[in-house]
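**Q** Coordinates for the following, if possible.
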Amino acid sequence: MPDHFEIDDSMIIPPLPPEKRADIEICRGPNIGEPPFNTPLPEEIRGVVTIKVGDLVTTDHIMPAGSRLKYRSNVPKYSEFVFEPLDPDSQPGPQP
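**A** The predicted structure follows:
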């Protein structure tokens, strides 16, 4: 093991002080939606299982990447494609 490790944190920008943060405007592109606001989850959740998948499911099975990655934080739009690759009747077609 080396005596010490070289650390280059020259690309890390520290957060602004609280008094300057209010002056910052975050500009989002049209594909970036506002994050959803939720209430805390209850202690118990009950529901009906609508899908059960086997082993070795990857994130690409759950949410296809590629051309749909442009919706990455637009949760309502992205949810239209969740588990689509697992549907055996689904045929790939033109992407919106």
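**Q** in this protein, which helix or strand is least confident?
**A** Using mean pLDDT, DSSP states H and E, helix 59-62 stands out as the lowest-scoring helix or strand of the chain, at a mean of 72.
**Q** and after that one, which helix or strand comes next?
**A** helix 75-78 (DSSP states H and E).
**Q** which residues sit against stretch 18-27?
**A** Stretch 18-27 is contacted by residues P15, L16 when judged by CB atoms under 8 Å, 6 or more residues apart in numbering. Glycine gets a C-beta too; all of them are placed from N, C-alpha and C.
**Q** For it, list the C-alpha coordinates in PDB.
**A** Extracted in PDB, the C-alpha atoms of stretch 18-27 (Å, rounded to 0.1, in the frame of the first residue of the first chain):
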ATOM      1  CA  PRO A  18     -27.400  29.500   2.300                       C
ATOM      2  CA  GLU A  19     -27.800  33.200   1.800                       C
ATOM      3  CA  LYS A  20     -26.700  32.900  -1.900                       C
ATOM      4  CA  ARG A  21     -28.700  29.800  -2.700                       C
ATOM      5  CA  ALA A  22     -32.000  31.700  -3.000                       C
ATOM      6  CA  ASP A  23     -30.600  33.700  -5.900                       C
ATOM      7  CA  ILE A  24     -30.000  30.700  -8.000                       C
ATOM      8  CA  GLU A  25     -32.500  29.700 -10.700                       C
ATOM      9  CA  ILE A  26     -32.500  26.100 -11.900                       C
ATOM     10  CA  CYS A  27     -33.400  26.000 -15.600                       C
END
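**Q** for it, the distance to its chain's centre please.
**A** Between the centre of stretch 18-27 and the centre of its chain there are 24 Å (CA atoms, centre = their mean, to the nearest Å).
**Q** ok, now stretch 23-43?
**A** Using CA atoms, centre = their mean, the offset of stretch 23-43 from its chain centre is 12 Å.
**Q** now stretch 39-50
**A** With CA atoms, centre = their mean, you get 21 Å for stretch 39-50.
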